[in-house]
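In: Sequence and predicted structure below; questions after.
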Amino acid sequence: AAEWGYTKRNGPFTWAKNYPTAAGIRQSPVDIDTALATSDSSLESKPLRWKYVPQNTRTIVNSGHGWRVDVDSEGSELVGGPLEGTYKLQQFHCHWGSSSDKGSEHTVDGQSYAAELHLVHWNSSKYADCGEAADYPDGLTVLGVLLKVGAKNPELQKVIDLIPSISHRGEKTEVKEAIDPAKMLPKTLSYWTYLGSLTVPPCNESVTWILFKEPVEVSEEQLAAFRSLRCYKRGEECPCDEVDGLLISNYRPTLPLGTRELRECGS
Ligand SMILES: NS(=O)(=O)c1ccc(C(=O)NCC(F)(F)F)cc1
Ligand SMILES: [Zn+2]
């Protein structure tokens, strides 16, 4: 089957053909209708807490759908807020658009941001690894950070500097200069949370989403670097009908929240 992607031929509106879960009722991303959010004292009483080990960021890879930094989960943990048990960091990656007026996956009151960073964690209290956890409704938690155009982001610059060495699909390289995921999070920790899914195939409905309210800045040049990644393998011709196979956009449009509860913590 033709590999899924973000072009007209293989993009989000075609995914349900090969991945029926993509047509489910607890899909992500969604538009955050701030008027619908209910503040929840139980969230306020258990602050979200995380611990990351910068030295554990191992490799960065061009997945063909974007860049992804794979992390050695040991030593990391995410607890509190809506979460039961302990979650460990597995990887982080980003979604962006062909221009900075779009590119985030979640939108807020209909407004898109230029990009969105995802820190992917798996429930190590109940499951053996990320792949197993991805098959259970409480298996994964993703911390989402909205990115808006502004100052150059020094921590993300460490990722940008590695992009030329992973220009084509499948290429990967060691992350030599430790990247601290904690430094990519916003200052204020207010967030929205709801039950959703992976935003890429197989779109498993196994994600507790925690989306920070405060956007973090990234520069236009840094966004342009993301768009220089190619979606095809070196030496192969470009399969996607994207202008010379550049990954200029890799975000999924929003799906209906339906009857799901949207909770918030902090103003
Ligand atoms: N864009 S997202 O929702 O943060 C996102 C998070 C995680 C994965 C992922 O681990 N896929 C591999 C798995 F788990 F085996 F299915 C894909 C997308
Ligand atoms: Zn993502």
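Out: Thanks, I have the structure now. Ligands and ions are numbered 1, 2, ... in the order given.
In: what comes up buried for stretch 212-232?
Out: Buried residues in stretch 212-232, counting neighbours by 16 or more other CB atoms under 10 Å, are found at 212-213, 215-216, 218-219, 222-223, 225-227, 229-232. All C-beta spots, glycine's among them, are computed from the backbone N, C-alpha and C.
In: quick check: mean pLDDT across that stretch?
Out: When pLDDT is averaged along stretch 212-232, the result is 97.
In: Does it reach ligand 1?
Out: No. Against ligand 1, stretch 212-232 shows no contacts by CB under 6 Å from any ligand atom, the least distance being 14.0 Å.
In: Now do the residue nearest to Lys158 when sequence neighbours are not counted against Pro256, distance only.
Out: Computed as CB to CB, 6 or more residues apart in numbering, the closest residue to Lys158 that is not its neighbour in sequence is Ile179, at 4.8 Å. Relative to Pro256, Ile179 is positioned 35 Å away (CB to CB, to the nearest Å).
In: Between these two, which has more neighbouring residues?
Out: Each of Ile179 and Pro256 has its neighbours counted (other CB atoms under 10 Å); Ile179 has more, 22 against 10.
In: residues touching that one, list them.
Out: Contacts for Ile179 (CB atoms under 8 Å, 6 or more residues apart in numbering) come out as 54, 57, 69, 155, 158-159.
In: quick one: which of those sit in helices?
Out: With helices defined by DSSP state H, the entries of the contacts of Ile179 inside them are 155, 158-159.
In: restrict these to those near ligand 1?
Out: Of the ones in helices among the contacts of Ile179, not one also sits near ligand 1 (CB under 6 Å from any ligand atom).
In: right, and out of those residues, which lies closest to ligand 1?
Out: Val159 (15.8 Å; CB to the nearest ligand atom).
In: Can you tell me how far the residue nearest to Cys265 when sequence neighbours are not counted is from Val53?
Out: Once flanking residues are discounted, Cys265 sits nearest to Leu43: 3.9 Å by CB to CB, 6+ apart. Distance of Leu43 to Val53, given as CB to CB: 26 Å.
In: For these two, indicate the residue with more neighbours.
Out: Counted by other CB under 10 Å, Leu43 and Val53 do not tie: Leu43 has more neighbours, with 20 against 17.
In: hang on, the more buried one in a strand?
Out: No. Counting by DSSP: H, G, I helix; E, B strand; the rest coil, Leu43 is located in no strand; its state is helix.
In: give the contact list for it.
Out: Taking CB under 8 Å, 6+ apart as the test, what Leu43 contacts is 81-82, 193, 263-265.
In: Specify which member of those residues is nearest to ligand 1.
Out: Out of those, the member with the shortest distance to ligand 1 (by CB to the nearest ligand atom) is Thr193, at 14.3 Å.
In: and the helix or strand that closest one falls within, what other elements does it pack with?
Out: Per DSSP states H and E: Thr193 is located in strand 191-196. Where contact means 3 or more CB pairs under 8 Å, 6 or more residues apart in numbering; DSSP states H and E, strand 191-196 is packed against strand 207-212, strand 263-265.
In: 10 Å instead?
Out: When contacts are defined as 3 or more CB pairs under 10 Å, 6 or more residues apart in numbering; DSSP states H and E, strand 191-196 sits against strand 140-149, strand 207-212, strand 263-265.
In: tell me the average confidence for the shortest one?
Out: Same thing as strand 263-265. Strand 263-265 carries an average pLDDT of 98.
In: for the first one, same thing?
Out: Looking at strand 140-149 alone, the average pLDDT works out to 98.
In: do that strand and ligand 1 meet?
Out: Yes. Contact of strand 140-149 with ligand 1 (CB under 6 Å from any ligand atom) involves Val142.
In: Give the buried residues for that strand.
Out: Buried residues in strand 140-149 (16+ other CB under 10 Å): 140-147, 149.
In: What of stretch 101-120?
Out: The neighbour-count check on stretch 101-120 (16+ other CB under 10 Å) flags 102-108, 112-120 as buried.
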